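Asker: output the structure for:
(2 chains)
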Amino acid sequence: DVKVTQSSRYLVKRTGEKVFLECVQDMDHENMFWYRQDPGLGLRLIYFSYDVKMKEKGDIPEGYSVSREKKERFSLILESASTNQTSMYLCASMGQGDGYTFGSGTRLTVV
Amino acid sequence: GESVGLHLPTLSVQEGDNSIINCAYSNSASDYFIWYKQESGKGPQFIIDIRSNMDKRQGQRVTVLLNKTVKHLSLQIAATQPGDSAVYFCAEIPDGTSYGKLTFGQGTILTVHP
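Answerer: Sure thing, here's the model as predicted:
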């Protein structure tokens, strides 16, 4: 089975901090994604990557950046955390024939 | 803009009944559709998928129906169990160079009463 692992289930950070959310997949997938999930808004795409060192903006990239230095790892970075970035963050990966798999999510609270 | 939406935000059924969750999509070029189940505090779990060249696909206790004429997708769960209680999302991947970006519906909350 494809495994997508997010390093933290819960995080509490202060406003203005730089925050790193890590995601690792073990199936050599080309495509990786970061979504955030908020009540009433569903899942929204922040950034995605279709290859190492490649990244594309999703629907709501403002306030975020990403890093894909290795194929298996896709990091989401909050340059200066704000309270409106309190959310559930979901990483996903997709490869040929393997479909689309999500991690368990990181619930981030910015205080 | 393109969107994927759900007709009913909540659905309550009795244990043992069949459940039907509906989804409308607006992008006629969409190529691939997925249903996810999300339990509280967890990430979405893949249930079943269907490609646009199919009308129906069956899994274990679940069936997905695709009607391209009216751009409608449904998930049928047979003999619903309390463990099926969750939020169910439909999602689509448009054809073309989308790199697998999913567009999600808002979700339907399914509650199964014993």
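Asker: only C-alpha atoms for contact and neighbour calcs from this point on.
Answerer: Noted.
Asker: let me see the contact set for A:S87.
Answerer: Contact analysis of A:S87 by CA atoms under 8 Å, 6 or more residues apart in numbering or on different chains lists A:R36, A:Q37, A:D38, A:R107, A:L108, A:T109.
Asker: out of those, who's nearest B:K56?
Answerer: Using CA to CA, the shortest approach to B:K56 within the contacts of A:S87 belongs to A:Q37, at 29.2 Å.
Asker: can you tell me the SS state at B:G100?
Answerer: What DSSP: H, G, I helix; E, B strand; the rest coil gives for B:G100 is coil.
Asker: residue contacts, the residue in chain B that chain A sits nearest to?
Answerer: Chain B approaches chain A most closely through B:G43 (4.2 Å), counting by CA to the nearest CA. B:G43 sits next to A:L90, A:F102, A:G103, A:S104, A:G105 when contact means CA under 8 Å, 6+ apart.
Asker: inside strands: which ones of these?
Answerer: Among the contacts of B:G43, the members falling in strands (DSSP state E) are A:L90, A:F102.
Asker: dump the contacts of B:G43 to a markdown table, plus pLDDT.
Answerer: Output for those, formatted as a markdown table (pLDDT from 0 to 100):
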| residue | pLDDT |
| --- | --- |
| A:L90 | 96 |
| A:F102 | 92 |
| A:G103 | 94 |
| A:S104 | 92 |
| A:G105 | 94 |
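Asker: still on that earlier bit, tell me the buried residues within the contacts of A:S87.
Answerer: Neighbour counting over these (16 or more other CA atoms under 10 Å in any protein chain shown) leaves A:R36, A:Q37, A:R107, A:L108, A:T109 as the buried ones.
Asker: for the host helix or strand of the last one, packing partners?
Answerer: Meaning A:T109. Element membership of A:T109, judged by DSSP states H and E, is strand A:106-110. Using 3 or more CA pairs under 8 Å, 6 or more residues apart in numbering or on different chains; DSSP states H and E, the elements in contact with strand A:106-110 are strand A:10-13, strand A:87-95.
Asker: mean pLDDT lowest for which of those?
Answerer: Mean pLDDT values for the helices and strands packed on strand A:106-110 show the minimum at strand A:87-95, a mean of 92.
Asker: and the angle for the strand holding A:T109 with strand A:87-95?
Answerer: In terms of direction (axes from the mean of the first three to the mean of the last three CA atoms, to 10 degrees), strand A:106-110 departs from strand A:87-95 by 150 degrees.
Asker: pairing partners for strand A:106-110, with directions?
Answerer: Strand A:106-110 has its sheet partners listed here by DSSP bridges as strand A:10-13 (parallel), strand A:87-95 (antiparallel).
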